[in-house]
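Undergrad: From the sequence below, what's the structure:
(one chain, ligands or ions: 1)
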Amino acid sequence: MRGISLSVISVQHGATVREVVVNPALELVPVCWHNLPPFFDDQTIIPEIGDEWVLVFKKPGTEVMQTITASGHELLALKIVSEGTGDREAASLGGVTVGVIDDILAAAVQRGLLLAPGSLLVRPDSFPRGKIVDPHSFSAPIFTLQWHVTQVCDLHCRHCYDRSDSKDMELSQGIRVLDDLYDFCRTHHVFTQVTFTGGNPLLYPHFNTLYQEAADRGFMTAILGNSMPHKRIEEILALQKPEFYQVSLEGLRVQNDSIRGVGHFDRTLDFLDLLRELGIYSMVMLTLTRANMDEVLELAELLRNRVELFTFNRLAMVGEGAALASVAPEDFPGFLREYRQAAARNFCVGLKDNLFNLLGHEQGIPYGGGCAGYGCGAGFNFVSLLPDGEVHACRKLPSLIGNMYQQHLGENYDGFLAGQYRQGSAACQGV
Ligand code: SF4
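TA: Predicted coordinates:
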């Protein structure tokens, strides 16, 4: 480590880099005392004789100098980057998963020892179309694969957007998907989240293996599914704690059970209690229709202190959902206002719908996400993958952009169709 070159790349502070590099304003200094940096701050700490490495560096983007004792992980991160060892090679040499290596590198970036390029997932020039926007919203630090690993489901909801039969994917196909996803996110300099869904994803026969493989690659994992037994959730927790576990409710008991089946409402409340007991971040999603809009706020009250986040999606008039009635456009602004007032009083109520930007517009506050704000994430910072390999910009409507079993994710992402979705609706151009 003594030989780390400080001229790995000629970057001045504040400049951008094209690959992960060692902070050029960093010196690695061998010393023959333990506890030297803490002693500089607190002279009551007594240094002791012994070999140690000290890092002296300027925090990127600041004039602040720092002096710290180098940890084993920090030395490893510097060694990997300065020697140009690939993540997979480093993982193989160390007998650990690539996720462990990536975590070590990410911590060194966070500390300012390494410099990393910014996300390459950046909005096209056509945004923001003259709107008041948050400029930080134009690039995405995380790419999410919403992965429908199976069509098999224990429910049969009346608004389900896809109850078509589809052969389950082979485990080997799933592993190739994860490798492809890893490469895509590395080359685009973004973190990766895999949101497993279905059907009921936990009914996929190889779910645990696939979930573990995702965790081993350092991916954040999440689940959109149904209530499952305590033992099954503990199995998942033993592999990796999900970022969140989302279930659905469609209104109060009678309304919900008319959509999702008798007994579903009570089972789901019990399951939310279980998630809370296990310390898993829980989310409830409601599909908003004309029939349930009057129950939304009462349901939100019922979920207060029971769930971390409650949000709604407007009904997608596709699949079996086409038979239900969506909220009348003239009723929607009033509903949004009441809902937002409720959100101010109830912390679990989330403002996900992109049409909240309409209220923001009235008050001159910056837009949030979605089509009516700085742009929808479909085909931009997330895509949906179906069990047959089809990639869709968004799962709520048929929006095919390619097939991951036939092309790499990057080819699907860079294709003409995905580009069209990223452009957004032509009707909004220039608005
Ligand atoms: S909406 Fe979801 S839970 Fe309901 S039947 Fe369809 S896949 Fe299953």
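Undergrad: The spatially closest residue to Gln255 that is not a sequence neighbour and Thr311, how far apart?
TA: Leaving out its chain neighbours, the residue that sits closest to Gln255 by Cβ to Cβ, 6 or more residues apart in numbering is Asn292, at 5.2 Å. All C-beta atoms are positioned from the backbone trio N, CA, C, and that covers glycine. According to Cβ to Cβ, to the nearest Å, Asn292 and Thr311 sit 14 Å apart.
Undergrad: Could you check which of the two is surrounded by more residues?
TA: Comparing Asn292 with Thr311 by neighbour count (other Cβ atoms under 10 Å), the higher total belongs to Asn292, at 23 against 18.
Undergrad: What's the local residue count around the residue lying closest to Asn226 once chain neighbours are set aside?
TA: Using Cβ to Cβ, 6+ apart and skipping residues adjacent in sequence, the residue nearest Asn226 is Asn200, 4.9 Å away. Number of residues near Asn200 (other Cβ under 10 Å) recorded here: 21.
Undergrad: Touching, Ile401 and Val391? I think so.
TA: Yes. With contact defined as Cβ atoms under 8 Å, Ile401 counts as touching Val391 (5.3 Å).
Undergrad: Overlap of the contact sets of the two?
TA: Residues touching both Ile401 and Val391 (Cβ atoms under 8 Å, 6 or more residues apart in numbering): 383, 412.
Undergrad: Which pLDDT value goes with Ile4?
TA: Looking at Ile4, its pLDDT stands at 32.
Undergrad: Show me which residues of the protein sit near the ligand.
TA: 153, 155-157, 160, 198-199, 226 (Cβ under 6 Å from any ligand atom).
Undergrad: Next SSE downstream of the helix or strand containing Ser172?
TA: If you go by DSSP states H and E, Ser172 is part of helix 171-187. The helix or strand immediately downstream of helix 171-187 is strand 191-197, counting by DSSP H and E.
Undergrad: Convert that following strand to CSV, retaining C-alpha atoms only.
TA: Provided in CSV are the C-alpha atoms of strand 191-197 (Å, rounded to 0.1, in the frame of the first residue of the first chain):
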residue,chain,number,x,y,z
PHE,A,191,-27.0,1.6,-6.9
THR,A,192,-29.4,-1.3,-7.6
GLN,A,193,-32.7,-2.3,-6.1
VAL,A,194,-34.5,-5.4,-7.0
THR,A,195,-38.2,-5.3,-6.0
PHE,A,196,-39.5,-8.9,-6.2
THR,A,197,-43.1,-9.2,-7.1
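Undergrad: Show the average pLDDT along that strand.
TA: 97.
Undergrad: Packing partners of the helix or strand that comes right after it?
TA: Going down the chain from strand 191-197, the next helix or strand is helix 207-216, by DSSP H and E. For helix 207-216, the elements it packs on are helix 98-111, helix 171-187, strand 191-197, strand 220-224, helix 230-239, judged by 3 or more Cβ pairs under 8 Å, 6 or more residues apart in numbering; DSSP states H and E.
Undergrad: Buried residues, the worst-scoring helix or strand of the chain on mean pLDDT. List them.
TA: Among the helices and strands of the chain, helix 356-363 carries the lowest confidence by mean pLDDT, DSSP states H and E, at a mean of 79. The neighbour-count check on helix 356-363 (16 or more other Cβ atoms under 10 Å) flags 356-358, 360 as buried.
Undergrad: Would you mind giving those as a markdown table with distance to Gln212 added?
TA: Output for these, formatted as a markdown table (distance: Cβ to Cβ, whole Å):
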| residue | distance to Gln212 |
| --- | --- |
| Phe356 | 37 |
| Asn357 | 39 |
| Leu358 | 43 |
| Gly360 | 41 |
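Undergrad: In CSV, list the helices and strands packed on helix 207-216 along with distance to Leu26 and mean neighbour count.
TA: Listed next are these as CSV, based on distance: least, Cβ to Cβ, whole Å; neighbours: other Cβ atoms under 10 Å:
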stretch, distance to Leu26, mean neighbour count
helix 98-111, 10, 18
helix 171-187, 23, 17
strand 191-197, 24, 22
strand 220-224, 29, 21
helix 230-239, 36, 14
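Undergrad: Before I go, just wanted to say thanks for your time.
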